[in-house]
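got a sequence here, can you build the structure:
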Amino acid sequence: MCIIAAKYFKDTGWILAKNRDQNYVADTTILDKTDPNVGEILLLDDKTIKYQEGMNHKGLVIITTSLTPIISQETNDNDGNIIKAALKLADPEAAAKYVIEKQLTGFIFIGTPEKLIVVEAARDRNGRGEYHATSNVIPQNELIVRTNHGVEYPWAGFQMGISATQDMWTKSSKTRQIIAERVLKNAKTPEEMLDGLAKREVDNLQMNVFRVESTPSQMRTIFQWALVPKTSTVYLRPIQSKMNVRVSPDKIKIVVMDNEPIKQVYKDVIKHFCKIVSSGENGHIKTVETEQFLYFRDYLNQPFLR
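The predicted model follows:
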(Lines give C-alpha, C1' and ligand atoms only; values in the text may rest on other atoms or scores of the structure.)
Protein backbone atom coordinates (compact mmCIF):
# COMPACT_ATOMS: atom_id res chain seq x y z
CA MET A 1 0.00 0.00 0.00
CA CYS A 2 2.82 2.35 -0.95
CA ILE A 3 2.82 5.52 -3.00
CA ILE A 4 5.24 6.10 -5.87
CA ALA A 5 5.91 9.27 -7.82
CA ALA A 6 8.18 10.46 -10.59
CA LYS A 7 9.10 13.92 -11.83
CA TYR A 8 11.49 15.13 -14.53
CA PHE A 9 13.96 17.93 -13.79
CA LYS A 10 15.90 19.73 -16.51
CA ASP A 11 19.34 19.25 -14.93
CA THR A 12 18.80 15.94 -13.15
CA GLY A 13 16.42 13.99 -15.37
CA TRP A 14 13.80 11.65 -13.95
CA ILE A 15 13.69 11.21 -10.19
CA LEU A 16 11.63 8.35 -8.78
CA ALA A 17 10.37 8.62 -5.19
CA LYS A 18 8.45 6.38 -2.83
CA ASN A 19 6.75 6.28 0.54
CA ARG A 20 6.95 2.68 1.68
CA ASP A 21 3.89 1.82 3.76
CA GLN A 22 3.66 -1.38 5.79
CA ASN A 23 1.92 -2.55 8.96
CA TYR A 24 5.02 -4.13 10.53
CA VAL A 25 8.53 -3.10 11.55
CA ALA A 26 10.58 -4.00 8.48
CA ASP A 27 14.03 -5.53 8.64
CA THR A 28 15.63 -4.14 5.49
CA THR A 29 19.04 -4.18 3.88
CA ILE A 30 20.25 -1.96 1.05
CA LEU A 31 23.25 -3.49 -0.65
CA ASP A 32 25.04 -3.12 -3.97
CA LYS A 33 26.19 -6.19 -5.84
CA THR A 34 28.48 -6.52 -8.85
CA ASP A 35 26.78 -7.66 -12.06
CA PRO A 36 28.54 -8.44 -15.37
CA ASN A 37 25.81 -6.85 -17.48
CA VAL A 38 25.24 -3.51 -15.71
CA GLY A 39 28.27 -3.20 -13.46
CA GLU A 40 26.46 -2.76 -10.16
CA ILE A 41 22.95 -3.29 -8.80
CA LEU A 42 21.71 -1.53 -5.66
CA LEU A 43 18.91 -3.54 -4.07
CA LEU A 44 16.48 -2.84 -1.29
CA ASP A 45 15.78 -6.21 0.29
CA ASP A 46 12.93 -6.49 2.81
CA LYS A 47 13.87 -9.61 4.73
CA THR A 48 10.42 -9.84 6.33
CA ILE A 49 8.47 -10.34 3.08
CA LYS A 50 11.33 -11.02 0.61
CA TYR A 51 10.53 -8.00 -1.58
CA GLN A 52 13.26 -6.27 -3.64
CA GLU A 53 13.59 -3.18 -5.84
CA GLY A 54 16.33 -0.69 -6.69
CA MET A 55 18.70 0.78 -9.29
CA ASN A 56 21.55 -0.40 -11.46
CA HIS A 57 24.75 1.43 -12.37
CA LYS A 58 23.65 1.84 -16.00
CA GLY A 59 20.97 4.23 -14.76
CA LEU A 60 17.89 1.99 -14.62
CA VAL A 61 15.52 2.30 -11.64
CA ILE A 62 12.55 0.05 -10.82
CA ILE A 63 10.09 0.79 -8.01
CA THR A 64 6.55 -0.50 -7.55
CA THR A 65 3.32 -0.21 -5.63
CA SER A 66 0.66 -2.88 -5.24
CA LEU A 67 -2.51 -3.39 -7.28
CA THR A 68 -3.45 -6.58 -5.46
CA PRO A 69 -6.95 -6.14 -3.97
CA ILE A 70 -6.46 -8.95 -1.45
CA ILE A 71 -3.26 -8.40 0.50
CA SER A 72 -2.89 -12.10 1.37
CA GLN A 73 -2.51 -12.85 -2.35
CA GLU A 74 0.70 -10.84 -2.68
CA THR A 75 3.73 -12.96 -3.56
CA ASN A 76 6.54 -10.66 -2.57
CA ASP A 77 9.26 -13.31 -2.89
CA ASN A 78 8.41 -13.95 -6.55
CA ASP A 79 7.87 -10.24 -7.24
CA GLY A 80 11.25 -9.39 -5.74
CA ASN A 81 13.02 -12.00 -7.85
CA ILE A 82 11.41 -10.66 -11.04
CA ILE A 83 12.46 -7.09 -10.24
CA LYS A 84 15.98 -8.19 -9.34
CA ALA A 85 16.31 -9.97 -12.69
CA ALA A 86 14.92 -6.95 -14.58
CA LEU A 87 17.56 -4.74 -12.95
CA LYS A 88 20.21 -6.77 -14.80
CA LEU A 89 19.01 -5.06 -17.98
CA ALA A 90 20.12 -1.65 -19.19
CA ASP A 91 17.24 -0.87 -21.55
CA PRO A 92 13.94 0.29 -20.01
CA GLU A 93 11.83 -1.20 -22.82
CA ALA A 94 13.50 -4.57 -22.31
CA ALA A 95 12.86 -4.33 -18.56
CA ALA A 96 9.19 -3.45 -19.14
CA LYS A 97 8.82 -6.37 -21.54
CA TYR A 98 10.46 -8.71 -19.04
CA VAL A 99 8.23 -7.84 -16.06
CA ILE A 100 5.13 -8.23 -18.25
CA GLU A 101 6.31 -11.60 -19.59
CA LYS A 102 6.81 -12.73 -15.99
CA GLN A 103 3.31 -11.39 -15.13
CA LEU A 104 4.41 -9.05 -12.37
CA THR A 105 1.40 -7.10 -11.09
CA GLY A 106 1.11 -3.57 -9.72
CA PHE A 107 2.23 -0.17 -10.89
CA ILE A 108 5.83 -0.58 -12.02
CA PHE A 109 7.90 2.56 -12.63
CA ILE A 110 10.93 1.84 -14.83
CA GLY A 111 13.09 4.93 -15.17
CA THR A 112 16.35 6.12 -16.68
CA PRO A 113 17.64 9.70 -16.67
CA GLU A 114 15.68 10.55 -19.82
CA LYS A 115 12.88 7.98 -20.06
CA LEU A 116 10.13 6.79 -17.74
CA ILE A 117 7.96 3.79 -18.54
CA VAL A 118 4.93 3.00 -16.38
CA VAL A 119 3.55 -0.51 -16.43
CA GLU A 120 0.09 -1.08 -14.96
CA ALA A 121 -0.61 -4.77 -14.51
CA ALA A 122 -3.31 -6.68 -12.65
CA ARG A 123 -5.45 -9.78 -12.65
CA ASP A 124 -9.19 -9.48 -13.13
CA ARG A 125 -11.85 -11.29 -11.05
CA ASN A 126 -10.68 -9.58 -7.88
CA GLY A 127 -7.07 -10.60 -8.38
CA ARG A 128 -7.70 -14.25 -9.24
CA GLY A 129 -8.31 -14.18 -13.01
CA GLU A 130 -6.61 -13.33 -16.29
CA TYR A 131 -3.47 -11.17 -16.37
CA HIS A 132 -3.66 -7.74 -18.06
CA ALA A 133 -0.89 -5.19 -18.58
CA THR A 134 -0.27 -1.86 -20.28
CA SER A 135 3.05 -0.08 -20.81
CA ASN A 136 3.34 3.65 -21.49
CA VAL A 137 6.19 6.14 -21.88
CA ILE A 138 5.47 9.23 -19.76
CA PRO A 139 6.22 12.65 -21.30
CA GLN A 140 8.91 14.62 -19.48
CA ASN A 141 6.49 17.48 -18.81
CA GLU A 142 4.15 15.25 -16.79
CA LEU A 143 4.25 14.51 -13.07
CA ILE A 144 2.98 11.02 -12.27
CA VAL A 145 1.76 9.54 -8.98
CA ARG A 146 0.35 6.07 -8.42
CA THR A 147 -1.12 4.47 -5.31
CA ASN A 148 -3.25 1.30 -5.05
CA HIS A 149 -6.26 1.68 -7.34
CA GLY A 150 -6.30 1.07 -11.08
CA VAL A 151 -6.12 3.92 -13.61
CA GLU A 152 -6.01 2.25 -17.05
CA TYR A 153 -7.83 -0.68 -15.46
CA PRO A 154 -10.50 0.90 -13.22
CA TRP A 155 -11.43 -2.55 -11.91
CA ALA A 156 -7.92 -3.21 -10.57
CA GLY A 157 -6.63 -2.73 -7.03
CA PHE A 158 -8.83 -1.55 -4.20
CA GLN A 159 -12.51 -1.13 -5.03
CA MET A 160 -15.58 0.32 -3.36
CA GLY A 161 -18.42 -1.99 -2.41
CA ILE A 162 -16.46 -5.16 -1.60
CA SER A 163 -16.06 -4.63 2.14
CA ALA A 164 -15.89 -1.80 4.66
CA THR A 165 -12.12 -2.28 4.86
CA GLN A 166 -11.68 -2.02 1.09
CA ASP A 167 -13.95 1.02 1.02
CA MET A 168 -11.56 2.73 3.45
CA TRP A 169 -8.46 1.59 1.54
CA THR A 170 -9.95 2.78 -1.77
CA LYS A 171 -10.78 6.20 -0.35
CA SER A 172 -7.27 6.43 1.11
CA SER A 173 -5.65 5.43 -2.19
CA LYS A 174 -7.53 8.04 -4.22
CA THR A 175 -7.10 10.78 -1.63
CA ARG A 176 -3.36 10.18 -1.29
CA GLN A 177 -2.89 10.32 -5.06
CA ILE A 178 -4.68 13.68 -5.32
CA ILE A 179 -2.71 15.18 -2.43
CA ALA A 180 0.63 13.90 -3.73
CA GLU A 181 0.03 15.29 -7.21
CA ARG A 182 -0.70 18.68 -5.68
CA VAL A 183 2.19 18.90 -3.23
CA LEU A 184 4.81 17.62 -5.68
CA LYS A 185 4.13 20.25 -8.34
CA ASN A 186 6.41 22.77 -6.65
CA ALA A 187 9.19 20.33 -5.70
CA LYS A 188 12.53 21.27 -7.28
CA THR A 189 14.87 18.69 -5.71
CA PRO A 190 14.74 15.07 -4.50
CA GLU A 191 14.69 16.35 -0.91
CA GLU A 192 11.68 18.55 -1.66
CA MET A 193 9.92 15.58 -3.27
CA LEU A 194 10.31 13.52 -0.10
CA ASP A 195 9.35 16.47 2.10
CA GLY A 196 6.24 16.90 -0.03
CA LEU A 197 5.41 13.23 0.47
CA ALA A 198 5.65 13.79 4.23
CA LYS A 199 3.14 16.64 4.43
CA ARG A 200 0.21 16.51 6.83
CA GLU A 201 -2.68 17.80 4.75
CA VAL A 202 -5.78 16.27 6.37
CA ASP A 203 -6.80 15.25 9.89
CA ASN A 204 -7.37 11.57 9.05
CA LEU A 205 -3.86 10.14 9.35
CA GLN A 206 -4.62 7.24 6.98
CA MET A 207 -5.57 9.68 4.21
CA ASN A 208 -2.32 11.66 4.14
CA VAL A 209 0.42 10.69 1.70
CA PHE A 210 2.54 10.11 4.83
CA ARG A 211 0.58 7.56 6.84
CA VAL A 212 0.51 7.20 10.62
CA GLU A 213 -1.12 4.29 12.42
CA SER A 214 -3.63 4.72 15.23
CA THR A 215 -3.82 0.97 15.88
CA PRO A 216 -1.03 -1.65 15.64
CA SER A 217 -2.48 -3.24 12.49
CA GLN A 218 -2.78 -0.07 10.41
CA MET A 219 -0.42 1.01 7.65
CA ARG A 220 2.33 3.48 8.45
CA THR A 221 5.08 5.03 6.32
CA ILE A 222 8.18 3.16 7.44
CA PHE A 223 10.69 4.93 5.18
CA GLN A 224 11.04 7.17 2.14
CA TRP A 225 13.51 7.12 -0.68
CA ALA A 226 14.18 8.93 -3.95
CA LEU A 227 16.43 7.48 -6.64
CA VAL A 228 18.33 9.63 -9.15
CA PRO A 229 19.65 7.44 -12.00
CA LYS A 230 21.65 10.21 -13.68
CA THR A 231 23.96 10.64 -10.68
CA SER A 232 23.61 7.16 -9.11
CA THR A 233 22.35 8.85 -5.95
CA VAL A 234 19.83 7.63 -3.39
CA TYR A 235 18.09 9.97 -0.94
CA LEU A 236 17.01 7.91 2.04
CA ARG A 237 14.91 8.77 5.08
CA PRO A 238 14.56 5.89 7.58
CA ILE A 239 11.48 6.50 9.74
CA GLN A 240 10.18 3.34 11.42
CA SER A 241 12.37 0.62 10.01
CA LYS A 242 15.33 -1.50 10.99
CA MET A 243 17.76 -0.90 8.17
CA ASN A 244 21.30 -1.88 7.30
CA VAL A 245 22.87 -0.04 4.36
CA ARG A 246 26.16 -1.21 2.88
CA VAL A 247 27.14 0.25 -0.49
CA SER A 248 30.28 1.08 -2.43
CA PRO A 249 30.54 4.85 -1.94
CA ASP A 250 32.58 5.24 -5.13
CA LYS A 251 29.65 3.90 -7.18
CA ILE A 252 26.43 4.68 -5.28
CA LYS A 253 26.00 7.80 -3.18
CA ILE A 254 23.61 7.58 -0.22
CA VAL A 255 22.23 10.83 1.19
CA VAL A 256 20.55 10.25 4.55
CA MET A 257 17.78 12.73 5.32
CA ASP A 258 16.93 13.77 8.85
CA ASN A 259 13.71 12.70 10.56
CA GLU A 260 13.49 16.00 12.40
CA PRO A 261 11.00 17.71 10.00
CA ILE A 262 8.66 14.72 10.37
CA LYS A 263 9.07 14.70 14.14
CA GLN A 264 7.98 18.34 14.25
CA VAL A 265 4.88 17.73 12.12
CA TYR A 266 3.82 14.44 13.69
CA LYS A 267 5.19 14.74 17.22
CA ASP A 268 1.71 14.44 18.70
CA VAL A 269 0.99 11.08 17.03
CA ILE A 270 4.21 9.21 16.16
CA LYS A 271 5.56 7.59 19.29
CA HIS A 272 8.83 6.17 17.95
CA PHE A 273 11.36 6.81 15.21
CA CYS A 274 14.32 4.74 14.14
CA LYS A 275 17.72 5.92 15.24
CA ILE A 276 20.92 5.87 13.20
CA VAL A 277 23.49 3.99 15.27
CA SER A 278 26.41 3.99 12.84
CA SER A 279 27.69 6.62 10.44
CA GLY A 280 27.81 6.58 6.67
CA GLU A 281 31.56 5.94 6.68
CA ASN A 282 32.61 3.45 4.01
CA GLY A 283 29.02 3.30 2.78
CA HIS A 284 27.69 1.78 6.01
CA ILE A 285 24.54 3.10 7.67
CA LYS A 286 22.57 1.22 10.30
CA THR A 287 19.32 2.12 12.04
CA VAL A 288 17.43 0.53 14.91
CA GLU A 289 14.03 0.99 16.45
CA THR A 290 14.24 3.10 19.60
CA GLU A 291 10.84 1.97 20.84
CA GLN A 292 8.38 -0.66 19.69
CA PHE A 293 4.75 -1.38 20.46
CA LEU A 294 4.15 -4.68 22.24
CA TYR A 295 0.93 -6.29 23.36
CA PHE A 296 1.06 -7.12 27.09
CA ARG A 297 1.06 -10.87 26.34
CA ASP A 298 4.11 -10.37 24.11
CA TYR A 299 5.80 -8.26 26.77
CA LEU A 300 5.40 -11.13 29.23
CA ASN A 301 7.24 -13.41 26.80
CA GLN A 302 10.33 -11.20 26.57
CA PRO A 303 13.55 -13.09 27.45
CA PHE A 304 14.40 -10.78 30.35
CA LEU A 305 11.16 -11.80 32.10
CA ARG A 306 11.72 -15.55 31.77
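
hang on, isn't Y8 packed against L116?
Yes - applying CB atoms under 8 Å as the test, Y8 and L116 come out as touching, 7.4 Å apart. Backbone N, C-alpha and C define where each C-beta goes, glycine included.

between the two, point out the one with more neighbours.
L116 (25 against 20; other CB atoms under 10 Å).

my read: the more buried one touches A6, true?
Yes - assessed by CB under 8 Å, L116 is found in contact with A6 at 5.4 Å.

can you list contacts of stretch 202-215?
With contact meaning CB atoms under 8 Å, 6 or more residues apart in numbering, stretch 202-215 is reached by 3, 19, 21, 23, 168, 171-172, 175-176, 179-180, 183, 196-201, 218-221, 262, 266, 269-270.

now which of those residues would you call buried?
The neighbour-count test (16 or more other CB atoms under 10 Å) marks 3, 19, 21, 171-172, 175-176, 179-180, 183, 196-199, 201, 219-221, 262, 266, 270 as buried among those.

just the residues you listed: which are in helices?
171-172, 175-176, 179-180, 183, 196, 262, 266 (DSSP state H).

looking at those, which is nearest G157?
Set against G157, the nearest of these by CB to CB is S172 (11.6 Å).

surely V25 touches M243?
No - taking CB under 8 Å as the definition, V25 is not a contact partner of M243, at 10.5 Å.

who has more neighbours, the two?
Under the criterion of other CB under 10 Å, the comparison of V25 against M243 puts M243 first, with 22 against 17.

part of a strand, is the more buried one?
Yes - counting by DSSP: H, G, I helix; E, B strand; the rest coil, M243 is found in a strand.

could you pull out the helices for this structure?
Using DSSP H, helices in the chain cover 76-86, 92-101, 124-127, 164-183, 190-196, 260-266, 296-300.

looking at the ones you listed, which is buried most?
Mean neighbour count (mean count of other CB atoms under 10 Å) peaks for helix 190-196 among the helices of the chain, with a mean of 21.

got the contact list for that helix?
Helix 190-196 has contacts (CB under 8 Å, 6+ apart) with 5, 7, 12, 15, 17, 180, 183-184, 186-187, 209, 224-226, 228, 233, 235, 237, 255, 257, 261.
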